[in-house]
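Q: turn this into a structure:
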Amino acid sequence: MSNDGGEGPDLEPIDPFDEDEVIEEPPEVMAEPAEAIFDGGKGYVAKEDTDRISRQGFYGVRLDDGRLELEPIELIHLIDWKRVVAKNAAGDRIQASNIVSELMEKTPELWVNYLVFRDLRSRGFAVRQGFGGGLGFRVYARGDKPGTTPAKQLIYVLKEGVSITLDELDKVTEAASAARKKLVFALVDQNGEVNYYRVSQTVLENRSGESE
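A: Prediction:
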């Protein structure tokens with residue numbers, strides 16, 4: 001971010017999704033939840049249940065053997081919504097709280113990211129993992145299908161009280177701009193509430209009278 005002029009990021013504290021009508025989607029309880037085997041930090045749904053889980057919100061990635069691979073946050077969300085039950089390789093049931101505790105030992109920010117994921121899903125958006133480098137999620141416009149249409153927005157997750165450097169802010173803003181996507185910061189407060197900030201590039205005018 002420049003100090004003397006040029007381009008820099010501008011944060012606007014608004015609802016970045018106000019262009020869409022927010023429709024809360026209650027959990028859809030299936031007659032018989034699918035089973036997901038928890039292994040290596042991810043969930044794996046058997047081939048026979050892949051279609052019904054995947055099509056109910058574009059969850060997971062289909063593997064060559066037909067199984068559906070779920071990211072940790074997707075698995076926790078589907079357990080919470082009673083769409084799947086998690087089991088270990090021996091067939092013993094695992095609670096979502098145990099999965100969260102285990103994964104947070106390696107990924108402390110897991111729960112904060114999950115709160116943002118859950119909020120976006122409750123608004124009816126399809127959500128995929130981001131590109132790394134702090135860009136946690138890709139968000140698709142309602143009606144768009146991941147894999148056939150590109151994501152419209154990138155979400156950077158922040159926890160209240162944890163700062164971000166100007167260098168990092170500038171870096172992720174430029175990354176989103178290069179990808180031709182809107183950048184949104186999701187700030188999770190101490191109560192678990194999620195607030196959004198739209199981020200854009202702005203030109204800082206040099207009024208010192210000095211030439212650059």
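Q: any idea which residue sits dead centre in the protein?
A: By C-alpha atoms, centre = their mean, the chain has its centre lying nearest to F137, at 3.4 Å.
Q: ok, now which ones touch it?
A: N113, V116, F117, L120, V127, R128, Q129, G130, L154, I155, V157 (C-beta atoms under 8 Å, 6 or more residues apart in numbering). The way it works is simple: take the backbone N, C-alpha and C, and place the C-beta from them, glycine included.
Q: show me what the residue nearest to it when sequence neighbours are not counted is bridged to.
A: Distance criterion C-beta to C-beta, 6 or more residues apart in numbering; nearest residue to F137, sequence neighbours excluded, is I155 at 4.1 Å. For I155, the beta-bridge partners under DSSP bridges are F137, V184.
Q: mean pLDDT per helix and strand in the protein: which one sits at the bottom?
A: Between all helices and strands in the chain, the lowest mean by mean pLDDT, DSSP states H and E belongs to strand 6-12, at a mean of 49.
Q: could you spell out the sheet neighbours of the next helix or strand after it, each with its direction?
A: Using DSSP states H and E, the next helix or strand after strand 6-12 towards the C-terminus is strand 34-39. Sheet pairing for strand 34-39, assigned by DSSP bridges, gives strand 42-45 (antiparallel), strand 84-87 (parallel).
Q: contacts made by the next helix-or-strand element following the last one with the rest, please.
A: Toward the C-terminus, strand 84-87 is succeeded by strand 93-94 as the next helix or strand (DSSP H and E). Among residues not part of strand 93-94, those counted as contacts by C-beta under 8 Å, 6+ apart are F38, V85, A86, K87, N88.
Q: pLDDT (mean, whole number) over the host helix or strand of R198?
A: Using DSSP H and E, R198 sits within strand 194-204. In this model, strand 194-204 has a mean pLDDT of 73.
Q: look up how far V162 lies from the residue nearest to the centre of the chain.
A: 18 Å (C-beta to C-beta, to the nearest Å).
Q: repeat that for Q56.
A: 33 Å.
Q: domains in this protein, by residue range?
A: Domain assignment for the chain, taken from automatic domain parsing, gives 6-22+123-204, 34-104.
Q: re the thing from before, make CSV out of the strands paired with strand 34-39 and add mean pLDDT and mean neighbour count.
A: Listed next are those as CSV, based on pLDDT from 0 to 100; neighbours: other C-beta atoms under 10 Å:
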stretch, mean pLDDT, mean neighbour count
strand 42-45, 97, 24
strand 84-87, 96, 20
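Q: which of the ones you listed sits closest to E168?
A: strand 42-45 (27.8 Å; C-beta to C-beta).
Q: the closest one: what's the following helix or strand?
A: helix 47-54.
Q: pLDDT score for Y114?
A: On the pLDDT scale, Y114 is placed at 95.
Q: if I pick it, what's in contact with it?
A: I73, I76, H77, V100.
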